[in-house]
Structures are given as structure tokens and as C-alpha cells.
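> Sequence below, structure please.
(2 chains)
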2 protein chains.
Amino acid sequence: MAGLVREVITREEAIHFVMENLAYPWDHLIDEVPLEMIHGRILAKPVYSPEDHPPFDRSLRDGFAVIGNDTKGSSHSAPSFLEVIGEVPMGRVPELTISSSQAAVIHTGGMVPPGADAVVMVEDTVVAGRWVEVRKSVQSGENIIHKGEEIRKGQLLLEKGFLMDFRSAGVLAHAGMSKVPVISLQVGVISTGDEIVPVSKDVVHPGCVRDVNSWMIQNLLTSRGFHCFNYGIVQDNKKELREKLHEAYEENDAVILTGGSSVSVRDFCSELFEEFSSPGLMVRGISIKPGKPTLIAGSLEDHKVLFGLPGHPLSCMVVALNLVLPLLVKSIAIDLPAPATFSFPCTGDIFGRTGVEEYIPCRIVGNGVFPMMAKSGYISALNDTDGFIRLTENQETMRKGDMVEVIPW
Amino acid sequence: MAGLVREVITREEAIHFVMENLAYPWDHLIDEVPLEMIHGRILAKPVYSPEDHPPFDRSLRDGFAVIGNDTKGSSHSAPSFLEVIGEVPMGRVPELTISSSQAAVIHTGGMVPPGADAVVMVEDTVVAGRWVEVRKSVQSGENIIHKGEEIRKGQLLLEKGFLMDFRSAGVLAHAGMSKVPVISLQVGVISTGDEIVPVSKDVVHPGCVRDVNSWMIQNLLTSRGFHCFNYGIVQDNKKELREKLHEAYEENDAVILTGGSSVSVRDFCSELFEEFSSPGLMVRGISIKPGKPTLIAGSLEDHKVLFGLPGHPLSCMVVALNLVLPLLVKSIAIDLPAPATFSFPCTGDIFGRTGVEEYIPCRIVGNGVFPMMAKSGYISALNDTDGFIRLTENQETMRKGDMVEVIPW
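Down below sits the predicted model:
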């Protein structure tokens, strides 16, 4: 299958090539979580509204349910007088009916009684005995939200693959879902590199640095709804790496190898990825900066995907965010809209190159975006920023004031 | 203490008034979480760098460690020739020293050997026996990141109160923190309203609607690092509400009452909040739209704070996001910078009023922001949007093309 391997293709091409060769979307296992724990989880089934919302014509204000026409021309100096015939109880169907020149006390969220077609706000009234003085006219429908006006029965509320947050909880609560089906997709992360030592190591020997990438990837994936297991650090040794890689392959839906940035380790990884089949290694190199030395392999038969990411923390995260995450999401649902990006005028020049897609960490201040140039080894480059500026393959150097695309965190 | 209560003040005034009366910041309990689970948690102690990063002069490329001056003027047609005296091992201190006209093989992340001051990329070289032909000049420092260039020993990496994500994991890993202290702050949520029924209820009787607010609040608070417990729904009954409120008060650092939007329930809540002391009820009403009927109470002695939020889902969330969350964060650290906001030209007119701070859900498309006008009862109003447009108390109607402030989710 080695003939299939694509060398240094664009990120878009890589995504489509993998989707096609692995016949996305796949079925994944489904977990069920209580409604209070949906934030950051991926919805496993589309949700449709079981009923209209609101389920009845509902008052948006405290005040009086009236016939709008009865208040025509009402003002402070020329009020209308309506007879108060009762009160709409909360949570129950009102037993009264409003006829001409009548009104009923109603609370926010109460059901508009038959006959009434508007609500006068309590602030615009004065009550005198069984009469209410209306000092402002209301039109038919005013201060009322009609049955089904917000959500229709059967309407699609959330798509399969949607990354949920507190806002999704509102529509799921409306749909009566106290338990929510979520995708269970397990990713294994392996760090490589003879110079990489565990975070827990108190003393870092000269020439070594602590493992950074696997922890960033793990937190990123967890925040986007995936389960993640950290297999620790493997030395630059082909045999050990093969064993760990196969262990992780068996135990996960996806495996991410990170840190093998030196040529020798990249060669190891490439050879190891080639050992898989159907199709095995698919992509060797992406025309992206930073992040070029990226590998993608996978198995259509086993429904597994493997990523080899560059070792620089910044390069690693550019690829994790813009290639790994989209491909994991595509394995669940292929037609989800891409996350929103924004457009801002650039506050300085950015030196770009055609033929390469470039990502520059940036800070947004008001309506301007500052490119934060950083050497690609920087751990902290992302921490003080708001997102990436993306220059497409067709964009060259951008000048101060040019509009650039920003992908927020 | 009733004389202390402020009626309908601005959101900013309310925040400062509460901070002052409750003598923020408070000490909270601290949990410890493993580094792979820090996303969405609040850092409980400031983190300083225990060492320089990188801890040594480090190569950013695969190639050859050289003396930059030796490559002066090198090009494809006029290369320099350097003697390769060995290879820098990964993860160890090199035992060789580079003298004039010498070079050593080095990998990305390797320690730059004594004598060398630059790295030539492997792509710009050809090896011939023990000689390397250098086809491009490098300047002193090129392709090297110097010791401490990114992070200095003792430098503040993250502030107390910081809401962490995958990016924070990078600097914490650098700092050798495999366990991270996080704030443990417990919030209780109570829903009120005779028309509110539990989500789990299969059949919703006419006049009733399912509880939506408590689930949105719970997911919001959880995503922002707080523990949250849902006390369920209490009917509009002062005695029951008092009991539940005191139960939640005992068991939490903060309590949020939601749904009491009708005048009678608001009156209940206000009276119940007044029963607390030192100082008890502090704020009754905020000049914010939507969200005016908001209550804040608290106890300096017990270190507790209580919020009464309006019942409309949109009003409720405007207040939860822009008043409750900032005050919970201020109880931890008073000087944290406010979350970043953006500025976009408005794609349509927005009818604003002076004297009231207004929040309008919005969608950002490219460089324009669309205000999404919605009746305040809307559950789904937030779901399809990117954030809020905020009009300050001093802003009136905004016209198409005017720049407006946007608070992203």
C-alpha cells in the first residue's frame, strides 16, 4: 500500500484524503451523561424537539392580559378603563375568558387566557378596585410569545457531533433530556525523544527538557469531548516505540505520537506507520507552517487512525488543533459546519509565503489583531494569545491594516 | 442593615459594592488535580518558573552546530567547507567543543555545544565524508533558542484565579507540576416557580414549562471551574423556599435562586434575602437589560454570597455571565484582568437606551456582527450565537457600521 502515501500535501487535501480512505464517518461507542455534565462533550445523536416551545401563548411580563384593541390610543392623559375579572394562576390553565373591556392579572410565564391577545405591563397601569386604568396602548401580540414561536415540534435542535456547552443544556432541557448520549472516543498519546523527561522529575539533567506536548494535547482533547490516555515517554528506540504504538493502537480509537522531531525519529515513525495496513501510512508531510513533519496513518478495517506530530510545542499544537481535531470530529459526522473564524485588520506586517498555509499566534485588542512572532520552540507562545492568524496557501506577506482570518481558541 | 440596600444600580457599581461589603478576596478550599485534568479549573496559587527555559542553548533545527562567522558569504555556488567532528547526543551534554572551521551534527532540541553559536539547517548542507558543505550563511544565534530566552527562572507564569486550559498545561508541565492546586468553590442552584416542572417529566401539563435555567447555570459554572449542586425546583411558597435556601446556604459558598420572575416571587426572594445579616441584602435591581430584577445578598461573617436571578432564560444567563461569574472570580482574586472583548462593526441598527447597560446576543460573520434580536423568553437565543453585544449605559442606538463591543462565549 506504500504507493498510496501522499507527500507534503495541503491540510485540506490531507483531511479529504484521510476521510475518503478511511470511509468516514464511523460509528463510535456512546456514553450517557446527566444533563448537568454535558459541557465539553460531543452529542452522539441528533436531537429533535418533542413539542412546541413555548407550549402555549405565554406572557413575557407581569401585568394584565387584555384585548389589544381595547387599549387603542391609551395614554397617561387619556387612559382606558378595563374590568379585572380575575387572575391567571401560574402553571395552570386559566379558567376565565377575556371579553371586550375586560382584563386579568397575569404573571411572567403565565398562560394567556382565551380572548386576550396582548399583555399590558404592570408599570403602565393603576389598579382601582375591580378596575384597571391602562395608560399605554398595546398591539395584538405585544408582550406575548406565541405557542411554537421559538421552537416547532419536530425541529432539529442539535446535530450529531455537536460540541455542547451551557447553551446546549437549555435546548436539551426543553427537549426533556435528563440524560444525554455522548460520543465515547478514546485517544492514546505517546511522547518520544531521548531528551524528554517526565514532568514529575524533580531535577532535569542538562540537555533534557520536561514533556510538555502530551499534557497540552491531553487537556485539549479532553476539553473537546474525547477521552485521552497518556502512555508516557518512549526513548528513541524503534523496538520500544513499536511495542508501545501497538499497545496504544489496540486500546484506542486514535493514537497520537508526539516529540519525534529529529530526522532519525521521524524516520522511525514513518517506518512504523508503514507497517500498518489497509491503508497504513497515508500522509507524510503537510504544507503547513509550523507543522510540516506530520504523519497520518490509519486502518479502514480496524477503524483506527494514527498521527505523528512534530516535537516543537507550537508546531505540535498547530497540527493538533487544525488537523487532528477536525479529523477526529469528521470521524463522527462529516457534514458539521467548521467552527466560526473571525476577520480583523492586522496591526503589523506578517511575512508569509505562497504555497504554505501559515499559522501565527495572535492577540486581539479591540478591532485589531497583533501577530505574536515566536520561535517555534516556545511553550508559552500560546498562553498569552487569543488564537491563530491563518494565512492560506495563496496569501503572501500581509501588510498593516490588511484583513486577516483569526481562529479563536 | 436594610439601610444598606442599593436599588437599581449599575452592574459595575454592584460588583464594587459587593466586593467592598464582603471584603473580597476570600480564602477558599483547595483541591489538587492531576495535570491532565486542569482544563476548566481555576488555579489556586500563583505559579513561578523554577528554572530557565530552555534550560540550555537549544537547537531549533536538525543540522549542524557551527560558528556563524565560518559560514559568512556561503551560498550554493560558493559553499563553505567545515570539518564534522562528531554528533551531539539527544538528552546529554555534548563532550565536544566547536573550534573554527568545525561543525557537529545536531538534532532539533539538542544542546548547542561549546564554541558553536548557530545551527545550519540540514537542507542547506551536503555531507561528503568527514566534511560538510554549507550552502547558506547563518548569523550568530540563528536556529538557536538561548537559555532562559522564553522563560526566566522566578518569572510569574500563571496568576492565582486563572481559568486554565490546554495552553496552561504547557507552562505547568515546564514548571514540573504534575499535580495542580485548584479552587474548590461550591455553588448551589435552586429553581422556583409554580409553572416550572423537572426536565425528567414526560408529560408537561398545559401552563407549565420544563426547568431550563438551572441546567444552563450548572453547566456554565462547571465549565468555569466551580462545583455546582442542583437543589431542584421549589414551589412559590415562602416557607418551603426559606427552608431550601437555608439548606443550600449551609452547604455552599454561593447560592443562586432562579426563576422567581413574577412580582410575588421576587418579593418573597427579596424578603428572604433580607433575613440574612452582615450585611444580608445588598443589591435590589441592576440597570441592565435584560436582567433588571436581580438580587444580591451575602454574609461577610460566613463568607457566603446569594444571588436572585430573573426567570427568563436569556435574562438569567445575561446576569449569570456578567454579574455572578465576575463576582465569584473576584471572591478568589480581585485584580485579575477582565476577559478580553472584541470590537466589530455592526451589520444593522441596534435600538439602545442611555442609562441602561444592554446585552444583545449576536453572531459574528467575518468582520461584521449581527445583532440577534430575540424575545427575552427564548431558550434557543444563545445557542446559535457567538456572544453578546454590550452597549454601555452611555450608548444609545447604534447604527449600521458603528463599532460595537462583543463579549465572545
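
> Residue A:179: how many residues sit nearby?
13 (other Cβ atoms under 10 Å in any protein chain shown). In short, each C-beta sits where N, CA and C put it, glycine included.

> what pairs with it across the strands?
With DSSP bridges as the criterion, residue A:179 is bridged to residue A:34.

> how near is it to residue A:33?
As for residue A:179, its distance to residue A:33 is 7 Å (criterion: Cβ to Cβ, to the nearest Å).

> residues shared between the contacts of the two?
Here residue A:179 and residue A:33 have no joint contacts, going by Cβ atoms under 8 Å, 6 or more residues apart in numbering or on different chains.

> Spit out the contact partners of the residue nearest to residue A:98 when sequence neighbours are not counted.
Ranked by Cβ to Cβ, 6 or more residues apart in numbering or on different chains and with sequence neighbours excluded, the top spatial neighbour of residue A:98 is residue A:115, at 3.5 Å. For residue A:115, the contacting residues are A:67, A:97, A:98, A:99, A:102, by Cβ under 8 Å, 6+ apart.

> By neighbour count, which of those wins?
Each of those was scored for neighbours by other Cβ under 10 Å, and residue A:98 scores highest at 24 neighbours.

> how's chain A carved up into domains?
Domain ranges of chain A: A:2-28+A:185-330, A:58-145, A:342-408, per automatic domain parsing.

> Next, give me the two most distant ones among the contacts of residue A:115.
Greatest spatial distance in those: A:67 and A:97, 11.0 Å, computed using Cβ to Cβ.

> Residue A:319: what's it in contact with?
Going by Cβ under 8 Å, 6+ apart, residue A:319 touches A:286, A:288, A:291, A:294, A:307, A:309, A:310.

> Next: residue A:161.
Residue A:161 makes contacts with A:42, A:43, A:183, A:329, A:332, A:333, A:336, as judged by Cβ under 8 Å, 6+ apart.

> Now render these as CSV, adding neighbour count and distance to chain B.
Shown next, in CSV, are the contacts of residue A:161 (neighbours: other Cβ atoms under 10 Å in any protein chain shown; distance: Cβ to the nearest Cβ, whole Å):
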residue, neighbour count, distance to chain B
A:42, 25, 14
A:43, 24, 12
A:183, 25, 17
A:329, 24, 16
A:332, 21, 19
A:333, 18, 17
A:336, 17, 14
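
> buried stuff in stretch A:110-124?
A:110-113, A:115-122, A:124 (16 or more other Cβ atoms under 10 Å in any protein chain shown).

> ok, now stretch A:169-181?
Buried residues in stretch A:169-181, counted by 16+ other Cβ under 10 Å: A:169, A:170, A:171, A:172, A:173, A:174, A:175, A:176, A:177, A:180, A:181.

> In strands only, show me those residues.
Residues of the buried residues of stretch A:169-181 located in strands (DSSP state E): A:180, A:181.

> Taking the buried residues of stretch A:169-181 together, which two end up most distant?
Checking those with Cβ to Cβ, the most distant pair is A:170 and A:181, at 17.7 Å.

> same question for the host helix or strand of residue A:365, mean pLDDT?
Under the criterion of DSSP states H and E, residue A:365 resides in strand A:357-365. Here strand A:357-365 scores 93 as its mean pLDDT.

> when you scan that strand, is anything in it near chain B?
Yes - using Cβ under 8 Å from any Cβ of the partner chain, strand A:357-365 reaches chain B at A:364, A:365.

> Just the closest of the contacts of residue A:115 to chain B, please.
For these, the minimum distance to chain B (Cβ to the nearest Cβ) is 15.3 Å, reached by residue A:97.
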